[in-house]
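Peer 1: Quick check, what structure comes out for this input:
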Amino acid sequence: MSRRSTPISSAVSSPCNRAGVFRSGPTHPRVALQPAERQAIPRALKQDLGATSANYTFRLVEPAYELGLTLERHDTTKLLPARVNNVTLTSVISDEGVMLTQVRLELIPGDKRLLHFNLPAGARFWFAFVNQNGVWPWRELDQILIPLEQQSRSDQPMIVEFFYSSRIGSPGGRKLNLELLGPKFDLSLENIIWHVWLNDKWHMVGWSGTLQLQKDGRVIQPVALDVKSYVDNEITLNRQKTKAAEEMLALGNSLLENSAPQQARRAIQSAFGLSMHDDAFNEDACVQLHNLKLQQALVGLNVRPSAAGGEAAAAPTNLRELRNRKDVTYTQQKAK
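Peer 2: Purely as a prediction, here's the structure:
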C-alpha cells in the first residue's frame, strides 16, 4: 500500500508545480474573461455609454490579459435600383408571320430614372407610355431608353407600356414555324406572362422554350368591334383618366399644404398629363402647375444668391433654414 501511495502523490503534485497552470502561466480566455450582466456595471464605469446597447458583456479577472480581435469587413450588398413586380406581354401574330407586341411592366422605380432594354434583331419600336402618359424615348447604340418620372407616391407601382413589331416567321405555306423573342431589360424580371393570339385556323402542334404553357385554347366568341363600341370604350377610358387626374391633383394640393412642394409638383404634373382629353380640368391643372413652378423659382432665387453673396448673417431666419436643407421644403406661409 505504501509503494502505491507515493507515485500517486507525486503524479498529482509534481505536474502542477512544474507547469504552473494556476499560478504564473498564460491565463485561459474563459478564466480571464467571465460573462457578466450589463446592468451590473457601475454607473461610473459606463460614463457616456448609458444609451449604447451591447451584444456581449464580460468581466475582466486578470488585468494583464490581452484580447486579440480579428475584424473582417464585408462589402455592402448591391441593391437593384428598381424592382419589377410583374411583366405581361400580349402579342398578335398575322398570317404573314408579323407580330405586334404590347409590353406592360409594373415596377417600383426607386432611384432609377431610365429604363434600358434591347429589342430582338430586326424589331421596330413604336411608342411608350409611363403611367398612361406619353414619353419620348431615345436610343443609345442598340439600346432604347425610357425616362421614368419620380413617383409622388412611393408606395404605388409605376406602369410602363411600350409597343414593338417584329417578323418571327416566313409568310405563306400551310405551316408557321414561329420564334417568339422578347425584349431584354437591365433589371431582373419576375412573374412573366405572355399572351399570344393567332387566327382560328391555326392549331399548335408543338412548342419549346423558357416559359411554361398554361393554356392552349381558342376564343369561342370573337369580339366584334364597331364604331359605337370603340367610342364607348374611349369614353370609359377617359373617365378613368379623369378620376385618376382628380386624385393626383387633390394629392398635390395636400402635399403642398404639408410642406412637400417637390412631391406636390410631381403629383400636379401627373394630373396635367392625365387630363389632356378634358380641356377645362387640364387648364386648371396647368395653371396650378405654372404657379407652383413660379413659386419654386422665386424661393430658389431668394435662397441661392444670399448664400453666394455672403449674406448668410443678414438673411432672414426662413432663408437660412431653407439654405441648409438638401431638399428645399417650405410652407406656403414661408413662401409668401
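Peer 1: Name the spans of the stretch 101-250 of the chain whose pLDDT lies under the cut-off.
Peer 2: Within the stretch 101-250 of the chain, the ranges that satisfy pLDDT under 70 run 150-155, 172-173, 216-225.
Peer 1: So which residues of it form helices?
Peer 2: If DSSP state H, counting those that start in this stretch is used as the criterion, the helices of the stretch 101-250 of the chain fall at 227-257.
Peer 1: That one: strands as residue ranges?
Peer 2: Ranges of strands within the stretch 101-250 of the chain are 114-118, 124-130, 133-134, 138-140, 143-147, 158-167, 184-185, 192-197, based on DSSP state E, counting those that start in this stretch.
Peer 1: Can you check which of these gets nearest to Asn291?
Peer 2: Asn291 lies closest to strand 133-134 among these, at 20.9 Å (CB to CB). C-beta coordinates here come from the backbone N, C-alpha and C atoms, glycine included.
Peer 1: helices or strands next to the closest one in the packing?
Peer 2: Contacts defined by 3 or more CB pairs under 8 Å, 6 or more residues apart in numbering; DSSP states H and E place strand 133-134 against helix 261-274.
Peer 1: picking that back up, could you dump the strands of the stretch 101-250 of the chain to JSON lines with distance to Leu292 and mean neighbour count?
Peer 2: Formatted as JSON lines, the strands of the stretch 101-250 of the chain follow (distance: least, CB to CB, whole Å; neighbours: other CB atoms under 10 Å):
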{"stretch": "strand 114-118", "distance to Leu292": "25", "mean neighbour count": "18"}
{"stretch": "strand 124-130", "distance to Leu292": "21", "mean neighbour count": "16"}
{"stretch": "strand 133-134", "distance to Leu292": "18", "mean neighbour count": "12"}
{"stretch": "strand 138-140", "distance to Leu292": "28", "mean neighbour count": "9"}
{"stretch": "strand 143-147", "distance to Leu292": "21", "mean neighbour count": "16"}
{"stretch": "strand 158-167", "distance to Leu292": "22", "mean neighbour count": "19"}
{"stretch": "strand 184-185", "distance to Leu292": "34", "mean neighbour count": "14"}
{"stretch": "strand 192-197", "distance to Leu292": "39", "mean neighbour count": "13"}
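Peer 1: Kindly reformat those as TSV containing distance to Ser259.
Peer 2: Shown next, in TSV, are the strands of the stretch 101-250 of the chain (distance: least, CB to CB, whole Å):
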stretch	distance to Ser259
strand 114-118	30
strand 124-130	27
strand 133-134	26
strand 138-140	35
strand 143-147	27
strand 158-167	25
strand 184-185	37
strand 192-197	41
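Peer 1: and Leu289, which of the ones you listed is closest to it?
Peer 2: Checking those against Leu289 by CB to CB gives strand 133-134 as the closest, at 13.6 Å.
Peer 1: what residues does that closest one touch?
Peer 2: Residues from elsewhere that reach strand 133-134 (CB atoms under 8 Å, 6 or more residues apart in numbering): 127-128, 149, 270, 273-274.
Peer 1: Looking at the strands of the stretch 101-250 of the chain, spot the one closest to Glu246.
Peer 2: strand 133-134 (15.6 Å).
Peer 1: Work out the sheet partners of the closest one and label each with its direction, please.
Peer 2: strand 124-130 (antiparallel) (DSSP bridges).
Peer 1: Return the angle between stretch directions for the strand it pairs with and strand 114-118.
Peer 2: Strand 124-130 runs at 160 degrees relative to strand 114-118, counting by axes from the mean of the first three to the mean of the last three CA atoms, to 10 degrees.
Peer 1: Pull the distance from strand 124-130 to the chain's centre.
Peer 2: 22 Å (CA atoms, centre = their mean, to the nearest Å).
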